[in-house]
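**Q** Sequence first, predicted coordinates after that:
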Amino acid sequence: MSTSRTKRWNGTLESLSSEYLKGVMERMEAYGDHVQFEIPGHGKQPIYQVLRGERKMGFDGKHLLLRLNESGNVADGLSPAFSKDDVRGAIAGKRSPRSTGATRSTASAGSSGTARQVRRAAPEPATDTVEQQKYAYYREHRDELPEGIARHADEISTLMRSGHSAEAAFQQIVEQYY
């Protein structure tokens, strides 16, 4: 059995490792329905941005939070937007036709694939609120927070889900690790 997975990102989901895509999927579950990757050229694990409506969150090749550039994206050249189903398929090793990823991701809101994603995303408002509050606090205080605090994002979310405010959760992590 042959595979198209290579050592470098070549612009297709199939060329990215399953482990890397699992990290991307974790960020998509927390932050958005679609993902765009930086156009090939810099390494085997590209930077990417997770999209939910007009909101965008950037991540580097190690899934750590990145600031968006002046244009509001993580990079000037980006791939088409891929859905969660596209990423799940690539993790499972399913090979999709090259045109399908771009067509499915840019389909109008009236298409059945997009409607299904919207319905699936609706039941998670509690997680959504926690993640939105966490990111809003981070964005507002990122200059004051220690370098590398994004590594503790899951712990901060857990603290917030247990009743801590965003400020209290970040403060506890700072006191515990820094």
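**A** Yes, it's here. Residues are numbered from 1 along each chain as shown.

**Q** Got the domain ranges for the chain?
**A** Per the record, the chain has its domains at 13-121, 125-177, by automatic domain parsing.

**Q** Any stretches of this protein with poor pLDDT?
**A** Applying pLDDT under 70 to the chain flags residues 1-9, 41-43, 94-128.

**Q** most residues in a single helix of it, which one?
**A** Across the chain, the longest stretch assigned as helix under DSSP state H is helix 125-141.

**Q** got a list of contacts for that one?
**A** For helix 125-141, contacts defined as CB atoms under 8 Å, 6 or more residues apart in numbering pick out 30-31, 57, 65, 145, 149-150, 153, 156-157, 160-161, 166-167, 169-170. Just so you know, the C-beta spots here come from the backbone N, C-alpha and C atoms, and that holds for glycine as well.

**Q** Among the residues you listed, name the buried ones.
**A** 30-31, 57, 65, 145, 149-150, 153, 156-157, 160, 166, 169-170 (16 or more other CB atoms under 10 Å).

**Q** As a check, name the ranges of all strands in this protein.
**A** 34-37, 48-52, 55-59, 65-66, 82-83 (DSSP state E).

**Q** shouldn't residue 174 be in contact with residue 144?
**A** No - with contacts defined as CB atoms under 8 Å, residue 174 does not count as touching residue 144, sitting 9.6 Å away.

**Q** of the two, who's got more company?
**A** Neighbour tally, residue 174 and residue 144, criterion other CB atoms under 10 Å: the higher count belongs to residue 174, 14 against 8.

**Q** Quick check: closest non-adjacent residue to that one.
**A** residue 146 (6.3 Å; CB to CB, 6 or more residues apart in numbering).

**Q** Point out the most buried one among the domains of the chain.
**A** domain 13-121 (a mean of 16; mean count of other CB atoms under 10 Å).

**Q** chain center to that domain, what's the gap?
**A** 7 Å (CA atoms, centre = their mean, to the nearest Å).

**Q** how about JSON lines for the buried ones among the contacts of helix 125-141, with distance to residue 88 added?
**A** Compiled in JSON lines, these are given as follows (distance: CB to CB, whole Å):
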{"residue": "30", "distance to residue 88": "15"}
{"residue": "31", "distance to residue 88": "16"}
{"residue": "57", "distance to residue 88": "20"}
{"residue": "65", "distance to residue 88": "23"}
{"residue": "145", "distance to residue 88": "33"}
{"residue": "149", "distance to residue 88": "29"}
{"residue": "150", "distance to residue 88": "24"}
{"residue": "153", "distance to residue 88": "22"}
{"residue": "156", "distance to residue 88": "26"}
{"residue": "157", "distance to residue 88": "22"}
{"residue": "160", "distance to residue 88": "27"}
{"residue": "166", "distance to residue 88": "30"}
{"residue": "169", "distance to residue 88": "30"}
{"residue": "170", "distance to residue 88": "32"}
